[in-house]
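In: Sequence first, predicted model second:
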Amino acid sequence: MAQAQMRRAIESGVPDNQQYLHPLLKKNYGDWRYHDRPRPGVLHHVAHGGDEVWTVRAGTQRQMDVHTVRRLCDIADQYAEGHVRFTIRSNIEFMVSSEAKVAPLIAELEKSGFPVGGTGNSVSMIAHTQGWLHCDIPGTDASGAVKALMDELIDEFRKEEMPNRVHLSTSCCEINCGGQADIAIIIQHTKPPKINHDLVANVCERPAVVARCPVAAIRPALVNGKPSLEVDEKKCICCGACYPPCPPMQINDPEHSKFAIWVGGKNSNARAKPTFMKMVAAGIPNNPPRWPEVSEIVKRILYVYKEDARPWERLSDWVDRIGWPRFFERTGLPFTKYLIDDWRGARVNLNASTHIRF
Amino acid sequence: MAKEMHKTPNLDALESGPWPSFVTGLKRLAKDKDYVVDLLGQLEHSYVTRKGYWKGGTVGVFGYGGGVIPRFTEAKDENGKPMFPAAAEFHTLRVMPPAGMHYNTDVLRKMADVWEKHGSGLIAFHGQSGDIMFQGAKTDNVQGAFDAINELGFDLGGAGPAVRTSMSCVGAARCEQSCYDEGRAHRAVINTFLDDIHRPSLPYKFKFKFSGCPNDCMNSIQRADMAVIGTWRDNIRTDETLARKWFAKHGMNELVNDVVARCPTKAIRLKEVKDLKAGDSVSTVKLSDTHGLEIENHDCVRCMHCINVMTGALAPGKDKGATVLVGGKRTLKIGDLMGTVVVPFMKLETDEDREKLVELGQKIIDFFAENALEHERTGEMIERIGLVNFLEALEIPIDANMVSAPRTNPYVRMDGWDEEVAKMKAAKQVA
């Protein structure tokens, strides 16, 4: 039988963005002079030639149904000028050419359920991952945890009352697709994988799985007469790296996969060099649908920071000033032995000085 | 809708509250699609059991080896039959966005129409790598969906051991801090590697990201194998009108505590107007009739802080370009790595400049393809072989900007020192 003629892909790659730019953005491309923020959620950019453009930023649920996409398009067509863009944190931005269009646009967005904010020194939308909705290795959900947390933080999204911007992320496994953040919420497995030895031989490329382990805790073994793998549970750090290439090594555990909270990640070069985030809390239950224990700790850290940090201190700058002992004291979080680094390069995290705050 | 909705008390709890709810959106789709009725059923099942139920597989489009994330359900009854059969296949198409993620409503509406016809109707703007994620299509519908999206001028992104979809900031389109044309650089680089995006055959993933200034809004330093971050070589520009305006509004306390004191290298000083000094590497600006700022630009590390606080009054210089950092990644396998400097500065103004950036990317990817172990990221490879071996293979001259400090241990064989000194001297004479 003759095969049906397949359409050959047009390998067009990244489309040219010039065709999608708002006309004022296209006209003043590379020629902007400064910007200010007339109110939270609104940016006002001024070009060298005098052109002005107002941008209204609103939060979205990221995973959008086509009806939501069309609703946003309706708003863009009716109240803006038909052009939008998205930020890295899944906020949508509408550009307009006159200040008079700002207030009606904001009113329509808020009326339609899209909160306006996320600019300047606010808590912006959480960078997040896929979770149970679509990922093949998730320890938890992403969209749901984010929805629950943003419900609680929406006032801080709408205002610009933080010392500096606050970026949050969530991740459903230790690979941490959510990335570095001022406060990050990440699954932390606490038990070694449970191995289904009947399936390993058929499903897993065993040498690849052995090679994937960061601590060489996995070795080939014959179990019940079948080629399989075994884990040295004393060595295992429960990272879950073996699970993606070998799903019979089940790492997710409804009871023992917990949440950990990390703080002080920063990508920007502003002031101090970019920093990695540090683990400050763990053992938090994976408790859908609203994960209240996670929200409680995130809010506690956030509001101590808001209260205590000086203007323009990112969370990492604030801790640099007050020191870790006071961070744990003020947030009431326990500092345990598990928070003392023992991975490669750990000595740089030890205090090789007499710099101690009393 | 033919199919009755499953009971979803957990998901229902995510419809209350002020933030936009993805559950409400899914329920709206479920009115027209049994597919989404069963998707909600499986998601609720995950919320109850606290486990995920998707596994990968092999689904693609004609001519490509990647770009589709296959998902088959693992939620099965005792007879091995899917518990939520209408949603037993839920594949995602990763589609590359335009640089800066700019759209008009016309193209967004067309995307929505395509996905309502061929898929679940759920689209994520955007995934963590930057893709538009068209989430949820049955195997039989993947090709049709791709064909329609491809006809709109969009193409699949990367997945697996491939060059991945890239992101760039809003940049020159709407930001005064932009130091190069991020969109053009993004497109020039990524569209060179389409074969490596569509036909995964590298040791592991390779990511490029493009940020227009050191604020690095694309988080490139910690998530890109090759980060292109805008910067400038000459003096910070000043605007007295805006500086006076800023000072009149914010006053001396904020100036001292929030601007001068926060400069990481103390390059910026507050002075009385009569003491402001001019010089080739000095920027000065009056804030009032009595006080002004003086910046020693040789000491400035281009961190952006003072420019962020006093935007417009202070601005990046005119001799702009980018710093290229290599090796950023997150945890697995050896731990977090930030990208580190490989090219301290390159101009990115002309097509020839961008061609040099493309060539650098090609050289790095060729070396990565040849030398990385399976499932080893670029940063891990450099950690294993040492930065110097990497630089010498790529014929990139070493530079003191590549280190925070010289070595702190004597454990190195150094009998080539004199030759190396001679080489450096000769190179200096040529330049």
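Out: Everything's here; your move.
In: Please point out which parts of the host helix or strand of A:Phe157 sit buried.
Out: With secondary structure defined by DSSP states H and E, A:Phe157 is part of helix A:143-158. By neighbour count on 16 or more other C-beta atoms under 10 Å in any protein chain shown, the buried set for helix A:143-158 is A:143-154, A:156-158. All C-beta atoms are positioned from the backbone trio N, CA, C, and that covers glycine.
In: Distance from the chain centre to it, please.
Out: The chain centroid and the centroid of helix A:143-158 are separated by 13 Å, computed with C-alpha atoms, centre = their mean, to the nearest Å.
In: does it come close to chain B?
Out: Yes. Part of helix A:143-158 sits near chain B under the criterion C-beta under 8 Å from any C-beta of the partner chain, namely A:143-144, A:147-148, A:150-151, A:154.
In: Just to check, A:Val231 is in contact with A:Ala217?
Out: Yes. With contacts counted by C-beta atoms under 8 Å, A:Val231 reaches A:Ala217, the gap being 5.5 Å.
In: which helix of chain B spans the most residues?
Out: Longest helix in chain B, counting residues (DSSP state H): helix B:351-371.
In: Give me the residues contacting stretch B:245-252.
Out: Contacts of stretch B:245-252 from elsewhere in the structure, counted by C-beta atoms under 8 Å, 6 or more residues apart in numbering or on different chains, are B:255, B:258, B:287-288, B:291, B:310, B:312-313.
In: what mean pLDDT does stretch B:129-145 have?
Out: Taken as a whole, stretch B:129-145 carries a mean pLDDT of 97.
In: which of the residues in that stretch are buried?
Out: B:129-139, B:141-145.
In: just the residues you listed now: which is nearest A:Gly332?
Out: The closest of the buried residues of stretch B:129-145 to A:Gly332 turns out to be B:Ser129 (C-beta to C-beta; 36.8 Å).
In: burial measure for residue 303, as a count.
Out: Just going to use chain A. 12 (other C-beta atoms under 10 Å in any protein chain shown).
In: wrong one, I was asking about chain B
Out: Neighbour number of B:Cys303 under other C-beta under 10 Å is 21.
In: That one in helix, strand or coil?
Out: Secondary structure state of B:Cys303, per DSSP: H, G, I helix; E, B strand; the rest coil, is coil.
In: That one is in contact with B:Pro214, isn't it?
Out: Yes. Judged on C-beta under 8 Å, B:Cys303 makes contact with B:Pro214 at a distance of 6.2 Å.
In: Surely A:Val56 is within a strand?
Out: Yes. Under three-state DSSP, A:Val56 falls within a strand.
In: related to what we said a few turns ago, narrow the buried residues of stretch B:129-145 to those in helices?
Out: Judged by DSSP H, the buried residues of stretch B:129-145 include B:139, B:141-145 as members of helices.
In: which one among those residues gets closest to B:Val388?
Out: B:Val142 (46.0 Å).
In: From B:Phe62, how far off is the closest one?
Out: Between B:Val142 and B:Phe62 the distance is 10 Å, computed by C-beta to C-beta, to the nearest Å.
In: Domains in chain B, by residue range?
Out: As assigned by automatic domain parsing, chain B contains the domains B:9-151, B:167-233+B:319-406, B:237-315.
In: likewise chain A?
Out: Domains of chain A are assigned by automatic domain parsing as A:17-111, A:131-190+A:254-341, A:194-250.
In: List the contacts of A:Pro193.
Out: By C-beta under 8 Å, 6+ apart, the contact set of A:Pro193 is A:231, A:236, A:238, A:240, A:242-243, A:249-251.
In: Which residues of the stretch 201-350 of chain A lie near chain B?
Out: For the stretch 201-350 of chain A, the contact set with chain B under C-beta under 8 Å from any C-beta comprises A:208, A:211-212, A:214, A:239, A:241, A:247, A:252, A:254, A:257, A:265, A:267-272, A:274, A:276, A:286, A:288-290, A:310-312, A:343-345.
In: residues contacting residue 144?
Out: Let's take chain A. A:Gly144 makes contact with A:131-132, A:288-291, B:11, B:14, B:22-23, B:47, according to C-beta under 8 Å, 6+ apart.
In: Actually, chain B is the one I wanted.
Out: Contact analysis of B:Gly144 by C-beta under 8 Å, 6+ apart lists B:His118.
In: Where do the strands of the stretch 201-350 of chain B begin and end?
Out: B:208-211, B:226-232, B:237-238, B:268-272, B:282-286, B:291-296, B:314-315, B:320-326, B:340-346 (DSSP state E, counting those that start in this stretch).
In: could I have the helix holding A:Phe157 exported to PDB, CA atoms only?
Out: C-alpha atoms of helix A:143-158 as PDB (Å, rounded to 0.1, in the frame of the first residue of the first chain):
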ATOM      1  CA  SER A 143      -0.200  24.800  38.900                       C
ATOM      2  CA  GLY A 144      -2.200  24.000  42.000                       C
ATOM      3  CA  ALA A 145       0.500  24.900  44.500                       C
ATOM      4  CA  VAL A 146       1.100  28.100  42.600                       C
ATOM      5  CA  LYS A 147      -2.600  29.000  42.500                       C
ATOM      6  CA  ALA A 148      -2.900  28.400  46.200                       C
ATOM      7  CA  LEU A 149       0.100  30.500  47.100                       C
ATOM      8  CA  MET A 150      -0.700  33.400  44.700                       C
ATOM      9  CA  ASP A 151      -4.200  33.500  46.200                       C
ATOM     10  CA  GLU A 152      -2.400  34.300  49.500                       C
ATOM     11  CA  LEU A 153       0.200  36.700  48.000                       C
ATOM     12  CA  ILE A 154      -2.000  38.600  45.600                       C
ATOM     13  CA  ASP A 155      -1.900  41.800  47.600                       C
ATOM     14  CA  GLU A 156       1.900  41.800  47.400                       C
ATOM     15  CA  PHE A 157       1.600  41.200  43.600                       C
ATOM     16  CA  ARG A 158      -0.700  44.200  43.400                       C
END
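In: Which helix or strand lies directly C-terminal to that helix?
Out: Sequence-wise, the next helix or strand beyond helix A:143-158 is strand A:168-171, with elements assigned using DSSP H and E.
In: Which elements pack onto that next one?
Out: helix A:143-158, strand A:183-189 (3 or more C-beta pairs under 8 Å, 6 or more residues apart in numbering or on different chains; DSSP states H and E).
In: what sits against the nearest residue to B:Val273 once chain neighbours are set aside?
Out: Distances taken as C-beta to C-beta, 6 or more residues apart in numbering or on different chains place B:Gly292 nearest to B:Val273, at 5.2 Å, with adjacent residues excluded. By C-beta under 8 Å, 6+ apart, B:Gly292 lies in contact with B:270-273, B:276, B:284-286.
In: Neighbours of the residue of chain B found nearest chain A, how many?
Out: At 2.5 Å from chain A, B:Gly312 is the closest residue in chain B, using C-beta to the nearest C-beta. Neighbour count for B:Gly312, taken as other C-beta under 10 Å: 21.
In: what ranges do the helices span in the stretch 51-200 of chain A?
Out: Secondary structure of the stretch 51-200 of chain A (DSSP state H, counting those that start in this stretch): helices at A:66-79, A:102-111, A:143-158, A:197-203.
In: what angle do the third one and helix A:102-111 make?
Out: Right, helix A:143-158. If you take axes from the mean of the first three to the mean of the last three C-alpha atoms, to 10 degrees, helix A:143-158 sits at 150 degrees to helix A:102-111.
In: Let me know the average pLDDT across helix A:143-158.
Out: Helix A:143-158 shows a mean pLDDT of 97.
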